[in-house]
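In: Below are the sequence and a predicted model for it; my questions follow.
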Amino acid sequence: MSTPDGTTPGAPDPRLVLRGVDKGYDGLDVLRGLELSVQPGEFAAVIGPSGSGKSTLLNLVSGLDRPTAGEILVDGEPPRTRSGRVAYMPQKDLLFPWRTVLANTALGLEAQGVRRTEARRRAAALFDAFGLDGFQHSYPGQLSGGMRQRAALLRTVVLERPLLLLDEPFGALDSLTRRELQRWLAHMWHTYRWTVVLVTHDIREAVLLADTIHVLSPRPASVTARIEVPRPPRGGDGPRALDAVTAAEVEERVLAALAAPSGAAR
Ligand SMILES: Nc1ncnc2c1ncn2[C@@H]1O[C@H](COP(=O)(O)OP(=O)(O)OP(=O)(O)O)[C@@H](O)[C@H]1O
């Protein structure tokens, strides 16, 4: 049994809750009555029409912006950029071209007050897992698009915050590189068990990666469907891939929810 925002009575406290969230800009109604809940260790995908307010939603959860009405709680507290609970990877990788890859990936830690040598030591420890070993002293311009996105993700993950927000991390990549990085991210998530909110336009990406898919209506956006992806139980040493028939069924459900009039697809 779930409550309307997707929380289950008796379940552990959610990592993220949005209750009745409205957001508008100068007369433009972007989010209206948005409800969302994400449990610790859950991979949640948010999918919706272009311009529906997905990036706006992540800006609110990161604490960069405030809702007009409603409540947002990360581990029971309102998000604040300085609270250290949320790590946000925006759409553009924003690596500084004049800094080495290692210096770029340590930047978030340094901004948080970690000493430079310690920040670089912690970032360097992840280079192998992120497929970047040997590129510590290269510059972003010397990396492929996929490597740049992995470096941007490393810079985000190394902050070790409880909630990871990813805004279309693979949107700008060619389809082969995107598939490769999606599979890689599935493995990484299996290893590290991050709590993730992923914004994407790509239904297959959502089905490949997520435990739950939250479908937004057109603007003003609310969550019109919360679809649980029936993954095999955790355990074993690989990501919990769906069989092709189940994956196709879930894709159909997401498509139907995207096509349904607001409120009709729960
Ligand atoms: N700071 C702002 N000031 C005014 N309007 C804004 C601001 N940020 C976003 N908007 C508007 O809010 C609406 C939703 O934008 P948002 O970028 O959140 O949508 P999105 O779903 O992420 O879009 P896309 O899928 O194209 O990336 C758009 O009409 C946008 O112009």
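Out: Good, I have the coordinates.
In: where in the stretch 101-250 of the chain is pLDDT low?
Out: Scanning the stretch 101-250 of the chain with the threshold set as pLDDT under 70 gives 234-239.
In: Near the ligand, which residues of it? Just list them.
Out: By the rule C-beta under 6 Å from any ligand atom, no part of the stretch 101-250 of the chain lies against the ligand. In short, each C-beta sits where N, CA and C put it, glycine included.
In: For the stretch 101-250 of the chain, which segments count as helices?
Out: In the stretch 101-250 of the chain, the segments counted as helices under DSSP state H, counting those that start in this stretch are 101-111, 116-124, 145-157, 175-192, 203-209, 244-259.
In: Show me what the shortest one is packed up against.
Out: Contact here means 3 or more C-beta pairs under 8 Å, 6 or more residues apart in numbering; DSSP states H and E; on that basis helix 203-209 packs against strand 43-47, helix 175-192, strand 196-200, helix 244-259.
In: Tell me the first helix or strand C-terminal of the first one.
Out: Meaning strand 43-47. Using DSSP states H and E, the next helix or strand after strand 43-47 towards the C-terminus is helix 54-62.
In: residue nearest the centroid of the protein?
Out: L198 (2.7 Å; C-alpha atoms, centre = their mean).
In: L94 in helix, strand or coil?
Out: Secondary structure state of L94, per DSSP: H, G, I helix; E, B strand; the rest coil, is coil.
In: That one and A152 touch, don't they?
Out: Yes. Counting by C-beta atoms under 8 Å, L94 touches A152, with 7.1 Å between them.
In: Tell me which of the two has more neighbours.
Out: Taking neighbours as other C-beta atoms under 10 Å, L94 and A152 compare with A152 leading, 21 against 13.
In: ok, so what distance separates the more buried one from L95?
Out: 6 Å (C-beta to C-beta, to the nearest Å).
In: same question, R231
Out: 33 Å.
In: who has more neighbours, the two?
Out: L95 (22 against 15).
In: Report the contact partners of the closest residue to that one other than its chain neighbours.
Out: Spatial nearest neighbour of L95, chain neighbours left out: P140 (4.1 Å); criterion: C-beta to C-beta, 6 or more residues apart in numbering. Residues in contact with P140 (C-beta atoms under 8 Å, 6 or more residues apart in numbering) are D93, L95, F96, P97, R99, V101, N104, R148, A151.
In: repeat for H214
Out: L36, A44, A45, V46, I47, V223, A225, R226, I227.
In: Can you lay out the residues you listed as CSV showing neighbour count?
Out: Output for these, formatted as CSV (neighbours: other C-beta atoms under 10 Å):
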residue, neighbour count
L36, 24
A44, 24
A45, 26
V46, 26
I47, 25
V223, 26
A225, 20
R226, 20
I227, 21
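In: what about the closest residue to G131 other than its chain neighbours, neighbour count?
Out: Of all residues not flanking G131 in the chain, R150 sits nearest, at 5.9 Å (C-beta to C-beta, 6+ apart). Neighbours of R150 under the rule other C-beta under 10 Å: 27.
In: ok, now which ones touch R150?
Out: F130, G131, L132, L181, W184.
In: From G134, how far off is it?
Out: Applying C-beta to C-beta to R150 and G134 gives a distance of 13 Å.
In: cool, and E168?
Out: E168 is 28 Å from G134, by C-beta to C-beta.
In: What of R155?
Out: 18 Å.
In: Among the two, which residue is more densely surrounded?
Out: Counting neighbours by other C-beta under 10 Å for R155 and for G134 shows that R155 has the greater number, 24 against 9.
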